[in-house]
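Participant: coordinates only, sequence not included:
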Ligand code: GRF
């Protein structure tokens, strides 16, 4: 059997995407969550990790003099686990050049990029009046949700949807997409070559 894909997962919120990854790992998927990092204290994601015995760390921008210092500190925390891949799963911070120079990072986003990037993808899609939206898994580059797309799933907007109801349906697809993508990236490691 090939070695599992070694992951560090970054979270900011409830961590349901992380939970899907942990559940898949427990069910035999070819990856291993080495640690979970958060940008704030008290995340549901860190709690989910701890209850599975997965180490956690917190790296808060506010604890550093500059954004560059935070970037360097987060890089050191990630380096300590020597992951094959860093997974930004609902991590609400833009990663800096030090992290991105040292680690390959994938992100999940709750809209069909390149439409509706940024922190409010669901709200912006709904406000625009689209009838179909969805989620995207992509490589992270220096931009905000601009990196090469790996996978997408479509979700229909229903009459009467609110940001909350639509986001919940998107997250069902997003969790499955993320597990599929990680399984694929574990099977074919050719992505370890530099980004195009
Ligand atoms: C996901 O939809 C993610 O794409 C977005 O925030 C949500 C996080 O959900 N940025 P969870 O914390 O994984 O439940």
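Facilitator: Sure, I can see it. What you see is a predicted model, and the numbers here were worked out from it, not measured in a lab.
Participant: From here on, just use CA atoms for contacts and neighbour counts.
Facilitator: OK.
Participant: can you give me the helices for the protein?
Facilitator: Under the criterion DSSP state H, the chain contains helices at 16-26, 44-51, 67-79, 97-102, 121-128, 163-187.
Participant: residues touching the spatially closest residue to residue 94 that is not a sequence neighbour, list them.
Facilitator: In space, and not counting its chain neighbours, residue 94 is closest to residue 144: 6.8 Å by CA to CA, 6 or more residues apart in numbering. Contact analysis of residue 144 by CA atoms under 8 Å, 6 or more residues apart in numbering lists 94, 117-118.
Participant: who touches stretch 168-188?
Facilitator: 4-5, 16-17, 20-21, 24, 29-31, 108, 110, 134-137, 150-153, 155, 191.
Participant: was I right about residue 121 contacting residue 110?
Facilitator: Yes: using CA atoms under 8 Å, residue 121 makes contact with residue 110 at a distance of 6.0 Å.
Participant: okay, the two: which has more neighbours?
Facilitator: residue 110 (29 against 22; other CA atoms under 10 Å).
Participant: Please name the nearest non-neighbouring residue to the more buried one.
Facilitator: Per CA to CA, 6+ apart, closest to residue 110 is residue 135, 4.3 Å.
Participant: how many neighbours does the closest residue to residue 84 other than its chain neighbours have?
Facilitator: Spatial nearest neighbour of residue 84, excluding adjacent residues (CA to CA, 6+ apart): residue 6 at 5.1 Å. By the measure other CA under 10 Å, the count of residues near residue 6 is 19.
Participant: Roughly how far does residue 50 sit from residue 60?
Facilitator: Distance from residue 50 to residue 60, counting by CA to CA, to the nearest Å: 19 Å.
Participant: And residue 185, by the same measure?
Facilitator: 29 Å.
Participant: Up against the ligand, what does the protein have?
Facilitator: 13-18, 89-90, 108-110, 171 (CA under 6 Å from any ligand atom).
Participant: could I get these as CSV with pLDDT and distance to residue 54?
Facilitator: What follows is the residues of the chain next to the ligand, written out as CSV (pLDDT from 0 to 100; distance: CA to CA, whole Å):
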residue, pLDDT, distance to residue 54
13, 94, 17
14, 96, 16
15, 98, 13
16, 98, 15
17, 98, 15
18, 98, 11
89, 98, 16
90, 95, 18
108, 98, 21
109, 98, 24
110, 98, 26
171, 98, 23
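Participant: one step back: ok, so what distance separates the residue nearest to residue 94 from residue 185?
Facilitator: 22 Å.
Participant: Repeat that for residue 143.
Facilitator: 22 Å.
Participant: mind showing which ranges of this protein have poor pLDDT?
Facilitator: Scanning the chain for pLDDT under 70 picks out 1, 194-196.
Participant: Now do the same contact list for the nearest residue to residue 30 once chain neighbours are set aside.
Facilitator: Of all residues not flanking residue 30 in the chain, residue 4 sits nearest, at 4.7 Å (CA to CA, 6+ apart). Taking CA under 8 Å, 6+ apart, we find residue 4 in contact with 30-32, 186.
Participant: Kindly report the same for residue 103.
Facilitator: 83-86.
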